[in-house]
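S.K.: The sequence and its predicted three-dimensional model are supplied below.
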Amino acid sequence: MRNKKRGAVTVEAGFSLTLFLLLFIGMVDVGMAFVHYHAMTENCRRALRWGVVNTYDSSKLSNMAVYGNAEGTGSPLMGLDPSLVTVSMDTLNVSTFAISISIAKAPVTMISPWLGTFAPQVRASRIVESLGVT
């Protein structure tokens, strides 16, 4: 009777370890996706805050979202590409306009192949009042 159960522990350990590793890698991937999404959101907000207090220039706003500075120097944050950033300004009335910055789906490759690629889209808008000052 004892010989029939000899390899059962090894087989159960193999199943348990496989399930544990799948869950652990899945949690790491979800965490990486969350960090990437949060960093892209923060880049977009930072660029928008800069655009509210400075003169509107779409290329400088795009550089702020991608590089973290208006000049566009240095390495891109989170591997972003300037072609993924869309900046627009909509006039609401004589002294009020809205600036919108959108970062299109920047892909993040996951560790686990079954999750594929995570590609969030981030958008931020802010209404700016000039108060007659140009």
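M.R.: All right, it came through fine.
S.K.: Strands of the chain, start to end?
M.R.: 85-91, 96-103, 108-109, 117-118, 122-129 (DSSP state E).
S.K.: just those: most buried one?
M.R.: Ranked by average neighbour count under the criterion mean count of other Cβ atoms under 10 Å, the strands of the chain are headed by strand 96-103 at a mean of 18. The way it works is simple: take the backbone N, C-alpha and C, and place the C-beta from them, glycine included.
S.K.: Other residues contacting that one?
M.R.: For strand 96-103, contacts defined as Cβ atoms under 8 Å, 6 or more residues apart in numbering pick out 40, 43-44, 47-48, 51-52, 56, 61, 65, 80, 84-92, 121-130.
S.K.: cool, and stretch 84-92?
M.R.: If you take Cβ under 8 Å, 6+ apart as the criterion, stretch 84-92 is touched by 51, 56, 58, 61-62, 65-66, 97-106, 127.
S.K.: quick revisit: out of the strands of the chain, nearest to His36?
M.R.: Each of the strands of the chain was checked against His36 via Cβ to Cβ, and the shortest separation belongs to strand 108-109, namely 4.7 Å.
S.K.: quick one: strands adjacent to that closest one?
M.R.: With DSSP bridges as the test, strand 108-109 is paired with strand 117-118 (antiparallel).
S.K.: any idea of the mean pLDDT for the partner strand?
M.R.: Strand 117-118 shows a mean pLDDT of 70.
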